[in-house]
Structure formats: structure tokens, C-alpha cells
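>>> structure of the sequence below:
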Amino acid sequence: MPSARRLVRTMQAGGAHTALVSGGFDIFAAIVANACGFDEYHANHLVIADGKLAGLVAEPILDREGKAKVLRRLAADLRRHRIQLPWISGPAPVASLLSRSREGPLNPKHVML
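Modelled structure (predicted):
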């Protein structure tokens, strides 16, 4: 994770707000987000009842559309502060959902990992 940590720190040094948006589970995303120094993270939350996993995922579920919704909200928030929107992603094709958002095209600076 040293490269991810370096990337996050470099972006933050340039004034970027960093967010990890994952379709995985928040218990793991929290570890990665904290280790890398992300400003915030969003991931799926497993429901625990009576101290045991209930076999359910709490809403909202961050599938492809759920992640795009979070990214659109973050983009809208950042636009209000006139911040450029660089974004980095894994193989999930979120760009097509973002480009069709009601807020208009994002024209992000994209790096594919």
C-alpha cells in the first residue's frame, strides 16, 4: 500500500479531497482508507444482529449504480467549491454512468488502475 498512500498524500498536498468508493465491505474499506489517509470512504455495510452477521447488506448498496450515485454526489459537492475532479478507479466502468448524470458531463481527469 505504500504507492496508494503516496498517491493520496500527493493529491492532498495539491489540495485534493480524497474519497475511497468501494463495492466491497466497509470493515475492509475502513482499513484501506485509514492506512492510505483518504479523507472519507464509502462501502457496503454488513448488518449485524445480536452480535452475529445477519446475512444482509444495509442500504444503500454500493453496486455499480450505487457507486456512481456516491461519485455524482461527491462531484456536486466538490463543484460547489470549484474543485477539479480527478478520479482513479479499478476496472469497474463507472465513467459511463457519471457522464450521463443530471449535473452534466464531469470531464474528469481519469487514471485507470
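
>>> list the buried residues in the top helix by length along the chain.
Secondary structure of the chain read by DSSP state H shows that its longest helix is helix 64-80. Using 16 or more other C-beta atoms under 10 Å as the test for burial, helix 64-80 gives 66-72, 74-75, 78. The C-beta positions use only the backbone N, C-alpha and C, and glycine is treated the same way.

>>> and if you look at stretch 3-10?
By neighbour count, with 16+ other C-beta under 10 Å as the criterion, the buried positions of stretch 3-10 are 4, 7-8.

>>> out of those residues, who's nearest Ala29?
Comparing those against Ala29 with C-beta to C-beta picks out Ala4 as the nearest, at 12.6 Å.

>>> what secondary structure does His17 sit in?
coil (DSSP: H, G, I helix; E, B strand; the rest coil).

>>> count the neighbours of the closest residue to it other than its chain neighbours for me.
The shortest distance from His17 to any non-neighbouring residue, by C-beta to C-beta, 6 or more residues apart in numbering, is to Asp39 (5.2 Å). One way to gauge burial is a neighbour count; for Asp39, by other C-beta atoms under 10 Å, it gives 13.

>>> quick one, phi/psi of Asp39?
Summarising the backbone geometry of Asp39 under the convention degrees, to the nearest 10, its torsions are phi -70, psi -30.

>>> circling back: which single one of the buried residues of helix 64-80 is nearest to Phe28?
Ranked by distance to Phe28 (C-beta to C-beta), these are led by Lys67 at 15.3 Å.

>>> per-residue pLDDT, the residue nearest to Met1 when sequence neighbours are not counted?
The shortest distance from Met1 to any residue that is not its chain neighbour, by C-beta to C-beta, 6+ apart, is 5.5 Å, and that residue is Ala35. As predicted, Ala35 sits at a pLDDT of 95.

>>> correct me if wrong: Ala35 contacts Ser3.
No - with contacts counted by C-beta atoms under 8 Å, Ala35 stays clear of Ser3, the gap being 12.0 Å.

>>> what does the host helix or strand of Leu20 rub up against?
Leu20 is located in strand 19-25, with elements delineated by DSSP states H and E. Under the contact criterion C-beta atoms under 8 Å, 6 or more residues apart in numbering, strand 19-25 has outside partners 28-29, 32-33, 36, 38-46, 62-64, 66-67, 70-71, 74, 92.
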